[in-house]
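J.: A structural model of the following input is requested.
(chains A and B)
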Amino acid sequence: MKITLDHVTKRFPNRNKKIREDVIAVNNFTFEIPDGKLIGLLGPSGCGKSTTLNLISGLEMPTAGRIFFGDTDVTNLPAENRGVGLVFQNYALYPHLTVLDNITFPLGNLRGQEKLTKEQMRYKAMEVAKLVQISELMERRPSELSGGQQQRVAIARALVKMPSVLLLDEPLSNLDARLRLQTREELARIQRETGITTVFVTHDQEEAMSISDLIVVMKDGVIHQIGKPQEVYDKPCNLFVAQFLGTPPINVFEGQLRDGHVFVGEDAVLDIESKEKRYVYVGIRPEGFIPDENGPLVCSLSKIEVMGRDTSVVSTHPAFNGPAIRSIIPSEDVTGIGGETVRFRLKPAKVCIFDRGTQATVNFKVR
Amino acid sequence: MKQSKYKGWLYLLPAILFLGIFMVYPLIDVIVYSFEEGYNFVSQTSQGTGLYNYRYVLRDPYFVQALKNTFVIVIITVPVSTGLALLISLALSSIKPLRNLFQTVYFLPYVTNTLAVGLVFMVLFKKTEYSDGMINLLIKLFGGNSVDFIDGPHWAKMLVMCIYTVWIVLPFKILILTSALASVKEDYYRAARVDGTRPSRIFFRITLPMISPMIFYLIITGFIGAFKAYSDEVALFGTDLNSAGMNTMVGYIYDMLYGNSGGYPSFASAAALILFAVVFTITCINLMVSRNNVHY
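T.: Down below sits the predicted model:
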């Protein structure tokens, strides 16, 4: 089902009573989640991601604005009538119930015409259990399950009533690194197989980029950018988005546009069409550096870290904001790097330019 | 290795000595007394051994009365006070404004002296030459006949006793249950709400199982506490509980040890062991029941 948020705002009264101003958790959100897609809400902690999820689920009511499921206005509909499945960050499995009872719990709430017999409930539970691959764990208690298994049970419980929307709050944050990798594939598979519109919240950009059809990048209750993961990565709309996406993060230099060149410090690294003079930040993705003896960007070499397939060259530059420039270079191209300085040529597609004041992206064309 | 074995015992020695002198030895002594006929503290002599003490105690009408009273108090006050505490705790945890005030108010009886509470109950229930007591005034207001709650019929005394006991144990139970309710994570309720769970189902399927260990704890300690009731009876009916017909088992034991006739340690020991057997049996039953009903 398509979900539409129309100028949705959520304010909370400030805990500190001396401050009269409300905390704005979600500020004037307008976006549309297309039917059957997997959407990642991405942002640093405290940016309003979970609040947005709670607004969609109906656990929180918006202060202003409207929320639509399909064409139905659900703004004033309480959570129990929205038919959403919600997976909590800590899974919130009922510890005193077996896995089977946990999964059938939502079905036990159906009444009247929809009321199911025990057998029907069991059948449905076994079906979703098969989908999330926990069929052999049905008689266990949550405390006897690993984190990954608990998470699957939580997903099964959310899916068993065939919700029109599945919401996941930081679904992978309680899992270890390897399991996280595996589970996120799993999550994408389950979403594909069921075709349920799925919204998940994460602060891990890699997680969001790897499985989402669309990502929504947020900060301080404001949407910064919505788009396909690769688009957002390649064409961030401002410095925040550029810095938030990508590991290692983008390298940001203080620079200048002048006389048709992009200057990083005093190095003219790119030639561009526009002649205007402007103070800017120059962001260069780690993979945007090409080692070149005659390259325009001159950095002093700190160290070389061999990582196998790639090599990370760590260096410094007077115009660089931060401890060290990290560039990722295919290991076979590293030969010849050494000594005091290292010189780079840049891939124009991996360079982003931002206004020094507004931090918004400045579009440029390479000459 | 041999040496370390003794070392372990050496470390345990202070605790073993302490427990041995103050717990194990008296316990054994009580058992011994209970089988010795007419043991005398002063001369340290007895007239023989056997089951005579038990036979005497079990045939003593005062003991039978005390046993009955104790059972009535236990059976009425434990479920009533636990249920009432649960209701009040649920109400307390569902209100926001004035919650702290109410919590304090409900907790006040806990820090009030038993005898002072007894005095308040006197004002409420006792019939004197000058007044019939508040409750009787109310009963009369609604057209009933006044009852002498303190010196009147046995059922009236028992009623006051039960109200008193429930009232005095309520604060502790409320305290435990409100914190138990607060410890149930909000996410469980949110999850249930998203699934459209009815409030009654939330209560019976989520809240109750989650606080069941605490409820069970309250029931066990409630049973034990009610079996050991004595001072509350004294606060209401004075020290001569036998003639008031309101004695309890602990009261009987106390009277046998120090009462005005005074000095029947053998009977007291036998009664104490009977009390122990009763409490032990009930606690075992409780544990067996709870194994099937208390979760995790």
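J.: Spell out which residues of the stretch 151-300 of chain A are next to chain B.
T.: A:157, A:161 (CB under 8 Å from any CB of the partner chain). The way it works is simple: take the backbone N, C-alpha and C, and place the C-beta from them, glycine included.
J.: so where do the strands sit in the stretch 151-300 of chain A?
T.: Assigned by DSSP state E, counting those that start in this stretch, the stretch 151-300 of chain A shows strands spanning A:165-169, A:197-202, A:214-219, A:222-227, A:251-258, A:261-264, A:267-271, A:278-284, A:289-291, A:297-306.
J.: tell me the mean pLDDT for the longest helix belonging to chain B?
T.: Taking DSSP state H as the criterion, chain B has its longest helix at helix B:61-94. Summarised as a single mean, pLDDT over helix B:61-94 is 92.
J.: Past it, which element shows up next along the chain?
T.: Helices and strands here follow DSSP states H and E; after helix B:61-94, the next one along the chain is helix B:99-107.
J.: which secondary structure elements does that next one contact?
T.: Helices and strands touching helix B:99-107, as assessed by 3 or more CB pairs under 8 Å, 6 or more residues apart in numbering or on different chains; DSSP states H and E, comprise helix B:61-94, helix B:154-183.
J.: And it, what's buried?
T.: By neighbour count on 16 or more other CB atoms under 10 Å in any protein chain shown, the buried set for helix B:99-107 is B:103, B:106-107.
J.: What count of nearby residues applies to the residue of the stretch 1-150 of chain B found nearest chain A?
T.: At 13.2 Å from chain A, B:Lys96 is the closest residue in the stretch 1-150 of chain B, using CB to the nearest CB. The number of residues packed near B:Lys96 is 6, by other CB atoms under 10 Å in any protein chain shown.
J.: for it, phi and psi?
T.: phi -110, psi -60 (degrees, to the nearest 10).
J.: Can you show me the helices along chain A?
T.: Using DSSP H, helices in chain A cover A:49-57, A:99-104, A:118-131, A:147-159, A:177-194, A:205-211, A:229-234, A:239-244.
J.: Tell me how far the longest helix of chain B lies from the chain's centre.
T.: In terms of CA atoms, centre = their mean, to the nearest Å, the centre of helix B:61-94 is found 8 Å from the chain centre.
J.: One more: stretch B:49-56?
T.: On the basis of CA atoms, centre = their mean, stretch B:49-56 sits 28 Å off its chain's mean C-alpha point.
J.: The residue in the stretch 151-300 of chain A positioned nearest to chain B: neighbour count?
T.: With CB to the nearest CB as the measure, A:Lys161 is the residue of the stretch 151-300 of chain A nearest to chain B, at 7.0 Å. Per other CB under 10 Å, the neighbour tally for A:Lys161 reads 22.
J.: go on, B:Asp148?
T.: By the criterion of other CB under 10 Å, B:Asp148 has 15 neighbours.
J.: B:Tyr25 now?
T.: Neighbour number of B:Tyr25 under other CB under 10 Å is 11.
J.: same thing with B:Ser179?
T.: Number of residues near B:Ser179 (other CB under 10 Å) recorded here: 13.
J.: Show me the shaky parts of chain A.
T.: Residue ranges of chain A with pLDDT under 70: A:17.
J.: Run a quick neighbour tally on residue 155.
T.: Going with chain A. Using other CB under 10 Å, A:Ile155 has 26 neighbouring residues.
J.: Switch to chain B, please.
T.: B:Trp155 has 11 nearby residues by other CB under 10 Å.
J.: Equivalent analysis for the one 10 residues further on, please.
T.: By the measure other CB under 10 Å, the count of residues near B:Thr165 is 24.
J.: How about it: what's its closest non-neighbour residue?
T.: Nearest residue to B:Thr165, sequence neighbours excluded (CB to CB, 6 or more residues apart in numbering or on different chains): B:Thr77, at 4.4 Å.
J.: if we can go back for a sec, can you redo the helices of chain A as TSV with distance to A:Leu38?
T.: Output for these, formatted as TSV (distance: least, CB to CB, whole Å):
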stretch	distance to A:Leu38
helix A:49-57	14
helix A:99-104	22
helix A:118-131	16
helix A:147-159	13
helix A:177-194	5
helix A:205-211	6
helix A:229-234	11
helix A:239-244	19
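J.: and the residue in the stretch 251-367 of chain A that chain B sits nearest to, what does it touch?
T.: Residue of the stretch 251-367 of chain A nearest chain B, by CB to the nearest CB: A:Gln359 (36.9 Å). By CB atoms under 8 Å, 6 or more residues apart in numbering or on different chains, A:Gln359 lies in contact with A:238-240, A:281.
J.: So of these, which two are at opposite extremes in space?
T.: A:Phe240 and A:Tyr281 (11.3 Å; CB to CB).
J.: isn't A:Gly48 right up against A:Met218?
T.: Yes: using CB atoms under 8 Å, A:Gly48 makes contact with A:Met218 at a distance of 6.0 Å.
J.: picking up where we left off before, what number of residues lie near the residue nearest to B:Thr165?
T.: 27.
J.: Next, the contact list for it, please.
T.: With CB under 8 Å, 6+ apart, B:Thr77 has these contacts: B:162, B:165-166, B:169, B:222, B:226.
J.: List the residues that contact the residue of the stretch 151-300 of chain A closest to chain B.
T.: Counting by CB under 8 Å, 6+ apart, A:Lys161 makes contact with A:83, A:85, A:106-107, A:110, B:195.
J.: any idea how far A:Ser300 is from it?
T.: For A:Lys161, the distance to A:Ser300 (CB to CB, to the nearest Å) stands at 61 Å.
J.: A:Thr358 too?
T.: Distance of A:Thr358 to A:Ser300, computed by CB to CB: 31 Å.
J.: For these two, indicate the residue with more neighbours.
T.: A:Ser300 (13 against 10).
J.: Hmm, A:His317 and that one touching each other?
T.: Yes: contact criterion CB under 8 Å: A:Ser300 and A:His317 qualify, at 7.4 Å.
J.: ok so, going back, among the strands of the stretch 151-300 of chain A, which is the most enclosed?
T.: By mean neighbour count, with neighbours taken as mean count of other CB atoms under 10 Å in any protein chain shown, strand A:197-202 ranks first of those at a mean of 26.
J.: Give me the angle between that one and helix A:147-159.
T.: Calculated by axes from the mean of the first three to the mean of the last three CA atoms, to 10 degrees, strand A:197-202 forms an angle of 140 degrees with helix A:147-159.
J.: residues in contact with strand A:197-202?
T.: Counting by CB under 8 Å, 6+ apart, A:1-3, A:33-42, A:49-50, A:52-53, A:56, A:164-173, A:187, A:191, A:208, A:212 sit against strand A:197-202.
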